[in-house]
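>>> Give me the fold of what follows.
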Amino acid sequence: MKILVIQQKRIGDVLTSTIICNNLRTKYPDAVIDYMCYPNSVDVLKENPNIDNIIILTNKVRKSIPSLFQFIFQIRKKKYNAVIDVYCKLETNLITLFSGAKYKVSYHKWYSPIFYNHTYERFDAVKSEHGLAIENRLLLLKPFISEKITDVKPKIFLKEEEITTAVQLLKDHNITIGQKPLIMFGILGSEVYKTYPLDKMAKIIDFTVEKTNATIIFNYIPDQKELALEVYNNCSEETKKNIVFDLYCIDLRAFLALLSQCDMLIGNEGGAVNMAKALDIPTFSIFTPSVRKETWQLFENEAKHTSIHLKDLKPEIYEQHTEQYIKENTFQYYDEYPLPLMLEKLETYFQEYKN
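Got it, this is the predicted structure:
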């Protein structure tokens, strides 16, 4: 059997959809399982033994109709038995339609029958210990797996040499693993509206150092150095002594290996949080007000993962306004997060983590 899983979009989406491949491999150990994604997400898929081939759909191909149809017919030549389209947008509608696969699986939309022969309504408000992003992806396995699925966690696979290099990088910055806590801060979101105000993030870092005496490293890339410096400069002088500012990774695989050596990740909800969870690193995440918490509060039944969302603090706001309105006024609503309450929750998290 040959199966193609399609998940475009961001790293968190791509990583979460690997649970489809993991479960297919268990059910069909001899199957060829390929995964299609954008170039920016390839590194979270590498070394996954449940994925045979990573197929990259580039922007150059997407933006040219002749190139896209040439790509589509290249996919058709691979003769997949099944295509599972998690993304479900026009380009992947067409890829699936012309794939020639017997099983064409995706989510239900009004036009779905044109492209797919197995479609499923997304759950909207399931009380799940895993989160809606997980539950909705498991739906797409229905044509292939009838028994209850228990393997629900995305996983990132690292090579020993990658981990060794990360440990050496820490040593080069005078950080000895196990000497004291090492906490990574996701100080910047993937977009401006997903970034908690930088001056307030600095206060959270101050509080973290006060309570844990941890060594702090930031998740940023060179292009974001000025923003990272803004956070650093807003921290207290005592906190700055615990921050190793110039330790960062340009390459995503190197970042993953470095993250795997941390005791915790704190910061904006997004790709880094999802990657930390896939590496089994504890997380404390801050949601942007406009992102649906029901979808991405993953595995928070476990003490090691917790988050804070405006909807938990002030649900009346969501009764008065649409998510789109809240998104357009993100920073106004970030001001609604009571910092003392956030710090109280963080302190409770530190205590539970120690125990």
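
>>> now what about stretch 67-77, what contacts it?
Contact partners of stretch 67-77, identified using CB atoms under 8 Å, 6 or more residues apart in numbering, comprise 4, 55, 57, 60-62, 91, 94-95, 98-100. From N, CA and C alone the C-beta is placed, and that goes for glycine too.

>>> brain fart, stretch 117-133
Contacts of stretch 117-133 (CB under 8 Å, 6+ apart): 13, 16, 103-109, 112-113, 134-136, 139-140, 142-143, 152, 292, 294-301.

>>> For T16, give me its contacts.
Counting by CB under 8 Å, 6+ apart, T16 touches 133-134, 137, 154, 274, 298.

>>> where are the low-confidence patches of this protein?
Counting by pLDDT under 70, the chain shows low-confidence ranges at 126-128, 354-355.

>>> So which residues of the stretch 201-350 of the chain form helices?
Counting by DSSP state H, counting those that start in this stretch, the stretch 201-350 of the chain has helices at residues 225-234, 237-240, 252-260, 271-278, 293-296, 310-313, 316-320, 323-328, 330-334, 339-354.

>>> ok, residues contacting the third one?
Contacts made with helix 252-260 from outside it, assessed by CB under 8 Å, 6+ apart, are listed as 43-44, 46, 156, 158, 162-163, 165-166, 169-170, 184, 217, 219, 247, 249, 265, 272, 275-276, 279, 281.

>>> For it, list the C-alpha coordinates in PDB.
Extracted as PDB, the C-alpha positions of helix 252-260 are listed here (Å, rounded to 0.1, in the frame of the first residue of the first chain):
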ATOM      1  CA  LEU A 252      15.900  24.200  12.900                       C
ATOM      2  CA  ARG A 253      17.400  20.800  13.600                       C
ATOM      3  CA  ALA A 254      20.100  22.400  15.800                       C
ATOM      4  CA  PHE A 255      17.300  24.300  17.600                       C
ATOM      5  CA  LEU A 256      15.400  21.100  18.200                       C
ATOM      6  CA  ALA A 257      18.500  19.400  19.700                       C
ATOM      7  CA  LEU A 258      19.100  22.400  21.900                       C
ATOM      8  CA  LEU A 259      15.500  22.400  23.000                       C
ATOM      9  CA  SER A 260      15.700  18.800  23.900                       C
END
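
>>> hang on, the earlier thing: which pair of the contacts of stretch 67-77 spans the longest distance?
Between any two of the contacts of stretch 67-77, the greatest separation by CB to CB is 24.6 Å, found for K60 and G100.

>>> Which of those two has more residues huddled nearby?
G100 (14 against 9; other CB atoms under 10 Å).

>>> For the more buried one, give its distance to Q8.
Separation of G100 from Q8 (CB to CB, to the nearest Å): 21 Å.

>>> Same question for D246.
34 Å.

>>> ok, back up a step: can you redo the helices of the stretch 201-350 of the chain as TSV with mean neighbour count and distance to D34?
Putting the helices of the stretch 201-350 of the chain into TSV (neighbours: other CB atoms under 10 Å; distance: least, CB to CB, whole Å) gives the following:
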stretch	mean neighbour count	distance to D34
helix 225-234	16	37
helix 237-240	12	47
helix 252-260	20	20
helix 271-278	25	20
helix 293-296	19	26
helix 310-313	17	38
helix 316-320	11	40
helix 323-328	14	34
helix 330-334	15	37
helix 339-354	14	39
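
>>> To T176, which of these lies closest?
When those are compared by CB to CB, helix 252-260 sits nearest T176, at 14.6 Å.

>>> quick one on the thing from earlier: okay, D246 and Q8: which has more neighbours?
Set D246 next to Q8 and count neighbours by other CB under 10 Å: Q8 wins out with 20 against 10.

>>> Do I have it right that the more buried one meets T92?
Yes: applying CB atoms under 8 Å, one finds Q8 in contact with T92, separated by 6.7 Å.

>>> Common neighbours of the two, please.
Joint contacts of Q8 and T92 (CB under 8 Å, 6+ apart) are M36.

>>> who touches F245 in this structure?
Here F245 is in contact with 218, 228-229, 232 (CB under 8 Å, 6+ apart).

>>> so S17 makes contact with Q8?
No: using CB under 8 Å as the test, S17 is too far from Q8 to be in contact (9.9 Å).
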